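> Sequence isn't available, so here's the structure alone:
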């Protein structure tokens, strides 16, 4: 697992807390979200952060029950919101970053924070909401 006291749930919160600096919203589509995390989990540099996630193939995309559970928990805690009726985008709420800064950041080293920043950049790019077409 980790260097210290963090869990994979802390890692997901850290990634999303960093994503909010780049984008207020991410795709809420399961294949997009899980595919983006799966791609990160395959990289040697990021495996230690994401090795507690198990992915199963669901049709044409990888799916992680652990990640799904974490997204639901973050939504229930008011850190993510999906106000659009078609469940197309998650809005990352400021509470996510505040919680990270006050409660979670202390569990990570500076090097780990830098790695999470790189993961967040890639995650933001991979999960950027696609503009709706009429």
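Structure's in. What do you need? This one's a predicted model, so the numbers in the text were calculated from it and none came from an experiment. Residues are numbered from 1 along each chain as shown.
> Give me the contact list for stretch 74-81.
Stretch 74-81 has contacts (CB atoms under 8 Å, 6 or more residues apart in numbering) with 12, 13, 16, 71, 82, 90, 91, 92, 93, 95, 96, 99. The way it works is simple: take the backbone N, C-alpha and C, and place the C-beta from them, glycine included.
> from those residues, which two are the most distant?
Largest separation among the contacts of stretch 74-81 by CB to CB: 82 and 99, giving 18.3 Å.
> Between these two, tell me which one has more neighbours.
residue 99 (18 against 15; other CB atoms under 10 Å).
> Next one, pLDDT for the more buried one please.
Residue 99 carries a pLDDT score of 93 in this model.
> try residue 87
77.
> Which residue, neighbours along the chain excluded, lies closest to it?
residue 28 (5.2 Å; CB to CB, 6 or more residues apart in numbering).
> ok, that neighbour to residue 55 distance?
Look at residue 28 and residue 55: by CB to CB, to the nearest Å, they are 19 Å apart.
> And for residue 81?
Separation of residue 81 from residue 55 (CB to CB): 26 Å.
> Between those two, which is the more surrounded one?
More crowded of residue 81 and residue 55, by other CB under 10 Å: residue 55, with 19 against 16.
> Return the residues in contact with the closest residue to that one other than its chain neighbours.
Excluding its sequence neighbours, the residue lying closest to residue 55 (CB to CB, 6+ apart) is residue 62, at 4.0 Å. Residues in contact with residue 62 (CB under 8 Å, 6+ apart) are 34, 35, 38, 55, 56.
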